[in-house]
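Trainee: Okay, predicted coordinates and the sequence, questions at the end:
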Amino acid sequence: MAQSMANMAAAVTAQTAAKNLRDLEKRDRALRNEESKGLIEFRHHKPP
């Protein structure tokens, strides 16, 4: 019984770590998209 509880706790810990990593990657992609959007607008700017 104790071993199965330890296995379950380890699985939950691994799932949480994987979710945190996915969340960080998602946030990083969103930041890069926002930054690149600014660069696209800059490139399309027509100087006087």
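Mentor: Cool, the structure landed. Quantities reported herein were computed from a predicted structural model and do not represent experimental measurements. Residues are numbered from 1 along each chain as shown.
Trainee: For the rest of this, base every contact and every neighbour count on C-alpha atoms.
Mentor: Fine.
Trainee: SS state for Asp28?
Mentor: helix (DSSP: H, G, I helix; E, B strand; the rest coil).
Trainee: what number of residues lie near it?
Mentor: Using other C-alpha atoms under 10 Å as the criterion, Asp28 is surrounded by 12 other residues.
Trainee: Okay, it and Ile40: tell me how far apart.
Mentor: Asp28 sits 18 Å away from Ile40, going by C-alpha to C-alpha, to the nearest Å.
Trainee: Give me the below-cutoff pLDDT ranges for the protein.
Mentor: When the per-residue scores of the chain are filtered using pLDDT under 70, the ranges that remain are 42-43, 47-48.
Trainee: Quick test: name the residue nearest the centre of it.
Mentor: Nearest residue to the geometric centre of the chain (C-alpha atoms, centre = their mean): Glu25, 2.3 Å.
Trainee: Provide a list of residues in contact with it.
Mentor: The contact partners of Glu25, by C-alpha atoms under 8 Å, 6 or more residues apart in numbering, come to none.
Trainee: Sticking with it, tell me its helix or strand.
Mentor: Of the helices and strands defined by DSSP states H and E, Glu25 is found in helix 2-43.
Trainee: and that helix, how far from the chain's centre?
Mentor: Here helix 2-43 is found 3 Å from its chain centre; the criterion is C-alpha atoms, centre = their mean, to the nearest Å.
Trainee: quick one on the thing from earlier: quick check: the residue nearest to the centre of the chain vs Ala9, distance?
Mentor: Applying C-alpha to C-alpha to Glu25 and Ala9 gives a distance of 24 Å.
Trainee: Ramachandran angles for His45?
Mentor: Dihedral pair for His45: phi -70, psi 130, per degrees, to the nearest 10.
Trainee: Could you count how many residues lie near it?
Mentor: Applying other C-alpha under 10 Å, we find 9 residues neighbouring His45.
Trainee: swap in Lys46?
Mentor: Residues near Lys46, counting by other C-alpha under 10 Å, number 6.
Trainee: can you check Met1 too?
Mentor: 6.
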